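>>> please find the sequence and the predicted model below.
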Amino acid sequence: MQQQPHAIIVGSGIGGLATSIRLQVKGYQVSVYEANSYPGGKLNILEDQGFRFDTGPSLFTMPQLVMELFELAGEKPEDWFDYHTLEVLTKYFYPDGTSIEAFAQPRAFSEEVERQTGEPSERIAAFLEHSRKLYDITHHVFLERSLHKLSTYTRMGTVISTLRLPQLDPFRSMDQANRSQFEDPRVVQLFNRYATYNGSNPYEAPATLNIIPHLEFNMGAYLPKRGMYQITESIVKLAKKLGVKFHLNTPVEQILVERKKAVGVQVNGASISADLVVSNADVVPTYRKLLPDQPHPERTLTQPRSSSALIFYWGIGAEFPELDLHNIFFSESYEAEFACMWEEKSIYHDPTIYVNITSKLVPEDAPEGCENWFVMVNAPANTGQDWDTLIAQTRQHILDKLKRQLGKDIEPLIRTESILEPRTIESKTSSYQGALYGTSSNNLFAAFLRHPNFSRKIENLYFCGGSVHPGGGIPLSLLGAKIVGEMVPTATSYRLHP
């Protein structure tokens, strides 16, 4: 009886977990090696004195990409995973006292923006329709297939998309495009914010990124019924049921290569053979640490990194009915804020603050009468800043700003506090410089400069996760896993043609 081909996955972030299921379903025996004591990477959980926090991604879009994993395994997704559909995507608060509820229904949102700012609802509707068109043109090329395979460019769909290239508006920045569309600066600021969804700068990133609002307004936003960590939990349970073997607290020391072919990994000084290896680790440490003797794609590895984050997990001893699941408190000057982050490599004294409160929909995430606040500001990648001073200053700036905006002193209400910042993001998840999304998308060719999902020089070596194509965040990491799953031959084919 022939032995199953063995696939090793380095790292158990969401991309690695999804890849493990796809390869196990294709007939491989999959082993996942994870340096931490828990799976999930950034998509993890923190519990403290009755408060529960999702530590990483807090927005859930494109749930079909999760459900598809269960369908591939012959399971009914609803038996494993369920979620709330959001009626309000985000509540926006401006320094001048304006507030906007971003209703999930596009027409209701357009009318709300007109009520609060005077910006004609027709312009909002036209913008969201344009965002839809951007997605229709690009998704099957930029998101669902490798940009580094000739076969992608010989497809008729790619040819058609190429002919529609001018519609992608790639030669203007997001900010330039949005200022030409809207008169009210508050509306421009709202849509410029979507550059942060992949760690980029709206004053530099191409206007093509205006595709991102489509994922929320036209496709919907959601929250798993037990919080975001339910995504990790359910996928891990499915992987184990299928036979995937997890090795936690087991860092990989090296990816083994013989005759330009990946043949396994080294763990605790011992060699473990494999027929193929998939790195879910950040592409920079994958090469620098795990492939020290192999040629390194320097042009890719030295691309500017995306932004990072400074996150405070606060257990709050009060309830705030004026807040929703997702809340944004905008800065007075968005341009100055981004200049501070990207040029000075610091955090602006008046940062835009994101407050996520899952206890609004998952009451058990906080004790009765309390709320679990995930408080985040964008931060630069770690290049050796004085983080201790910067964190202390920013914490006070956040507290002062929330006190002004909410009319209540928050600090006395904080019952528990934990902090995640660029240094600890790097140490806990091996994300180079603590960058959340690998490289930034601050130039026209950024998508093409991301590392491909395979190695051109090392056979049977593949890559998934937020630092490679198509990008970071839950949906793109799941799509990257899908690309890898489609590239790898079935186990039967592998046995015939090793």
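That came through fine.

>>> so where's the stretch 1-150 of the chain shaky on pLDDT?
Low-confidence segments of the stretch 1-150 of the chain (pLDDT under 70): 1-2, 139-150.

>>> helices of that one, residue ranges please.
For the stretch 1-150 of the chain, the helices defined by DSSP state H, counting those that start in this stretch occupy 14-25, 64-72, 106-117, 121-138, 150-153.

>>> can you lay out those as JSON lines showing distance to R193 and mean neighbour count?
For glycine as for every other residue, the C-beta is placed from the backbone atoms N, C-alpha and C. Output for the helices of the stretch 1-150 of the chain, formatted as JSON lines (distance: least, CB to CB, whole Å; neighbours: other CB atoms under 10 Å):
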{"stretch": "helix 14-25", "distance to R193": "23", "mean neighbour count": "28"}
{"stretch": "helix 64-72", "distance to R193": "23", "mean neighbour count": "18"}
{"stretch": "helix 106-117", "distance to R193": "14", "mean neighbour count": "18"}
{"stretch": "helix 121-138", "distance to R193": "14", "mean neighbour count": "18"}
{"stretch": "helix 150-153", "distance to R193": "31", "mean neighbour count": "11"}
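
>>> S467: which of those helices is closest?
Across the helices of the stretch 1-150 of the chain, S467 has its closest neighbour in helix 14-25 (9.5 Å, CB to CB).

>>> I'd like to know which elements the closest one is packed against.
strand 6-10, strand 29-33, helix 64-72, helix 229-242, strand 276-279, helix 474-487 (3 or more CB pairs under 8 Å, 6 or more residues apart in numbering; DSSP states H and E).

>>> circling back: between the helices of the stretch 1-150 of the chain, which one is closest to K42.
Among these, helix 14-25 sits nearest to K42 (CB to CB), with 8.0 Å.

>>> report the buried residues of stretch 239-259.
Of the residues in stretch 239-259, 239, 242, 244, 246-247, 250-252, 254-257 count as buried by neighbour count, 16 or more other CB atoms under 10 Å.

>>> revised request: answer the last question for stretch 55-64.
Neighbour counts over stretch 55-64 (16+ other CB under 10 Å) mark 55-63 as buried.

>>> can you tell me which of those residues are in strands?
Here DSSP state E is the test, and the buried residues of stretch 55-64 give 60-61 as lying in strands.

>>> same list (the buried residues of stretch 55-64) but as TSV, adding distance to F93.
As requested, the buried residues of stretch 55-64 are exported to TSV (distance: CB to CB, whole Å):
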residue	distance to F93
T55	24
G56	24
P57	22
S58	17
L59	18
F60	23
T61	22
M62	27
P63	28
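
>>> what segments of the stretch 301-450 of the chain are helices?
Under DSSP H, counting those that start in this stretch, the stretch 301-450 of the chain gives helices at 334-342, 387-406, 422-429, 446-449.

>>> which one of those lies nearest to I100?
helix 387-406 (13.7 Å).

>>> now for that closest one, which elements pack on it?
Looks like helix 387-406 contacts strand 308-316, strand 326-329, strand 353-356, strand 371-379 (3+ CB pairs under 8 Å, 6+ apart).

>>> now the last one - C-alpha only, PDB.
This points to strand 371-379. C-alpha atoms of strand 371-379 as PDB (Å, rounded to 0.1, in the frame of the first residue of the first chain):
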ATOM      1  CA  GLU A 371     -18.000  46.300  27.900                       C
ATOM      2  CA  ASN A 372     -14.900  44.800  26.300                       C
ATOM      3  CA  TRP A 373     -13.100  47.600  24.400                       C
ATOM      4  CA  PHE A 374     -10.500  46.800  21.700                       C
ATOM      5  CA  VAL A 375      -9.000  50.200  21.200                       C
ATOM      6  CA  MET A 376      -6.600  50.600  18.300                       C
ATOM      7  CA  VAL A 377      -4.700  53.300  16.600                       C
ATOM      8  CA  ASN A 378      -2.600  52.900  13.400                       C
ATOM      9  CA  ALA A 379       1.100  52.800  14.100                       C
END
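
>>> buried residues, it. List them.
By neighbour count on 16+ other CB under 10 Å, the buried set for strand 371-379 is 371-379.

>>> for the third one, same thing?
Of the residues in strand 353-356, those buried by neighbour count under the rule 16+ other CB under 10 Å are 353-356.

>>> closest one to S200 out of these, please.
Looking across the buried residues of strand 353-356 and measuring by CB to CB, the closest to S200 is Y354, at 15.9 Å.

>>> how far away is the closest one from R226?
Counting by CB to CB, to the nearest Å, the separation of Y354 from R226 is 22 Å.

>>> so for F320, which of the helices of the stretch 1-150 of the chain sits nearest?
So among these, helix 106-117 is nearest, using CB to CB, at 19.9 Å.

>>> coming back round to it: of the buried residues of stretch 239-259, which belong to strands?
Judged by DSSP E, strands contain the following of those: 246-247, 254-257.

>>> and the buried residues of strand 353-356 as a markdown table, adding pLDDT?
Shown next, in a markdown table, are these (pLDDT from 0 to 100):
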| residue | pLDDT |
| --- | --- |
| I353 | 98 |
| Y354 | 98 |
| V355 | 98 |
| N356 | 98 |
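
>>> tell me the one among these nearest to I124.
Distances from I124 to the buried residues of strand 353-356, taken as CB to CB, are shortest for Y354 (21.7 Å).

>>> contacts only, for that closest one.
Contact analysis of Y354 by CB atoms under 8 Å, 6 or more residues apart in numbering lists 326-329, 374-377.

>>> nearest to Q29 among those residues?
Closest approach to Q29 among those (CB to CB): F374, at 37.7 Å.

>>> that closest one against I357, yeah?
Yes: with contact defined as CB atoms under 8 Å, F374 reaches I357; the gap is 7.4 Å.

>>> any idea how many residues pack against the spatially closest residue to H247 that is not a sequence neighbour?
Distances taken as CB to CB, 6 or more residues apart in numbering put Y33 closest to H247, at 4.9 Å, once the chain neighbours are dropped. Using other CB atoms under 10 Å, Y33 has 25 neighbouring residues.
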